[in-house]
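> Show me how the following folds:
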Amino acid sequence: MSLRIRKLIGTVALLLLIAGYAVAVMLVGMLVLPHTGKLGELLFYACAGFVWVLPAGLLISWMHR
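Numbering: from 1, shown residues only. Have a look, this model is predicted:
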């Protein structure tokens, strides 16, 4: 597979990953967070903000192989 095609596939996959992850985090936030306080919201969104970096990093490293 050429590098150009791999980057195209990786870019589309990365956009889908981020969009799907954002929707999933919003759904979990709507269902779970009303029962927690402000500190719970802060911790949830702080953790959720960093969790997507690992799969995105793996995808980006695959794109540049």
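> CA atoms for contacts and neighbours, from now on please.
Will do.
> and the spatially most central residue of the chain, what is it in contact with?
Residue closest to the average C-alpha location in the chain (C-alpha atoms, centre = their mean): Trp52, at 3.3 Å. The contact partners of Trp52, by C-alpha atoms under 8 Å, 6 or more residues apart in numbering, come to 18, 21.
> any idea how far it is from Ile5?
Remark: distance between Trp52 and Ile5 (C-alpha to C-alpha, to the nearest Å) = 23 Å.
> for His35, same thing?
46 Å.
> pull the CA atoms of stretch 3-19 into PDB?
What follows is stretch 3-19, C-alpha atoms only, in PDB (Å, rounded to 0.1, in the frame of the first residue of the first chain):
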ATOM      1  CA  LEU A   3       2.100   6.000   1.600                       C
ATOM      2  CA  ARG A   4      -0.400   8.400  -0.100                       C
ATOM      3  CA  ILE A   5      -3.300   5.900   0.200                       C
ATOM      4  CA  ARG A   6      -2.300   5.000   3.700                       C
ATOM      5  CA  LYS A   7      -2.500   8.700   4.700                       C
ATOM      6  CA  LEU A   8      -5.800   9.100   3.000                       C
ATOM      7  CA  ILE A   9      -7.300   6.100   4.800                       C
ATOM      8  CA  GLY A  10      -5.700   7.200   8.100                       C
ATOM      9  CA  THR A  11      -7.100  10.700   7.800                       C
ATOM     10  CA  VAL A  12     -10.600   9.500   7.200                       C
ATOM     11  CA  ALA A  13     -10.300   7.000  10.000                       C
ATOM     12  CA  LEU A  14      -9.000   9.700  12.400                       C
ATOM     13  CA  LEU A  15     -11.900  12.000  11.600                       C
ATOM     14  CA  LEU A  16     -14.400   9.200  12.100                       C
ATOM     15  CA  LEU A  17     -12.600   8.300  15.400                       C
ATOM     16  CA  ILE A  18     -12.800  11.800  16.800                       C
ATOM     17  CA  ALA A  19     -16.400  12.300  15.700                       C
END
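> contacting residues around Pro34?
Taking C-alpha under 8 Å, 6+ apart as the definition, Pro34 has no contacts.
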